[in-house]
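Asker: Any chance you could fold what I've pasted below:
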Amino acid sequence: MAEVIIVSSENEAGAIVADEIVRLIRANPETVLGLATGSTPLPVYEALRRRLEGVNVSRVRGFALDEYVGLDPAHPQSYRSVITREVVEPLGLAPELIRTPNGSLDGIEHAGDDYERAIVEAGGVDLQILGIGTSGHIGFNEPGSSFASLTRVKTLIEQTRHDNARFFDSVDDVPMHCITQGLGTILRARHLMLLAFGENKADAVAGAVEGPITASCPGSAIQLHPHATVVIDEAAASRLEHADYYRYAYAHKPEWQRL
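Answerer: Model prediction:
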């Protein structure tokens, strides 16, 4: 089962994940990171700004989870722009080593296969940062996604488009399609770190961590992974049946046992 860490604040969660990322980079300067976008991972990137001072990140590679289809990469809400603005520039990463799926309509038929090939050629993702949507989606893998799915084009459900409308002028401006790493792609990463904050994520977290393994809750795929860590605040943990056990286990975790 996943290790569940319940924290008091988003900043505490960000520090925990950032410390693990720094440890990886110090051990392997060519670490490959799986990068999530949205508001959830921002505390991680903020904590990394301070912790990476003096650390050589020139060879760190990264792969974003997803991208909108048909949105100009220069658009401020394209995930290429978001990753550049929130991750690459603040952390001093090499832009040419950080990739997002190609959402251009020109070549979209093979864009998924191209991205899969690039991840494999990089040696696979060492640590994948994940958020979870209110529908239980991870990446843009909406309910009904196959656990064996690879990077491909998906149609966004209305709930997800409404959730993301806060980043656009209106919901009508949110693209209808995306290209996303599949659940099978995500599960190949060596370590999954899923974050969630707020009561509106509580049902999705409970379904992912303690519910049945089902395509109706794509986040439940983390139960199939041998090394998954869930870092959540009290509000997001409020529907967990075994929350007291998770707190007890983390409080008594041996010092020698890493995340």
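Asker: quick one, what contacts the nearest residue to E142 once chain neighbours are set aside?
Answerer: In space, and not counting its chain neighbours, E142 is closest to I157: 5.2 Å by CB to CB, 6 or more residues apart in numbering. The C-beta positions use only the backbone N, C-alpha and C, and glycine is treated the same way. By CB atoms under 8 Å, 6 or more residues apart in numbering, the residues touching I157 are S135, E142, P143.
Asker: Can you say which of those are buried?
Answerer: Buried members of the contacts of I157, scored by 16 or more other CB atoms under 10 Å, are S135, E142, P143.
Asker: these two touch, right, E234 and I5?
Answerer: No. In terms of CB atoms under 8 Å, E234 does not count as a neighbour of I5; the distance is 11.7 Å.
Asker: The two: who's more crowded?
Answerer: More crowded of E234 and I5, by other CB atoms under 10 Å: I5, with 22 against 15.
Asker: Would you map the helices across the stretch 1-150 of the chain?
Answerer: Taking DSSP state H, counting those that start in this stretch, the helices of the stretch 1-150 of the chain run over residues 10-27, 42-51, 79-83, 89-91, 108-121.
Asker: want to try a markdown table for those, with mean pLDDT, distance to C217 and mean neighbour count as columns?
Answerer: Output for those, formatted as a markdown table (pLDDT from 0 to 100; distance: least, CB to CB, whole Å; neighbours: other CB atoms under 10 Å):
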| stretch | mean pLDDT | distance to C217 | mean neighbour count |
| --- | --- | --- | --- |
| helix 10-27 | 98 | 21 | 18 |
| helix 42-51 | 97 | 23 | 18 |
| helix 79-83 | 96 | 23 | 22 |
| helix 89-91 | 98 | 32 | 15 |
| helix 108-121 | 98 | 23 | 15 |
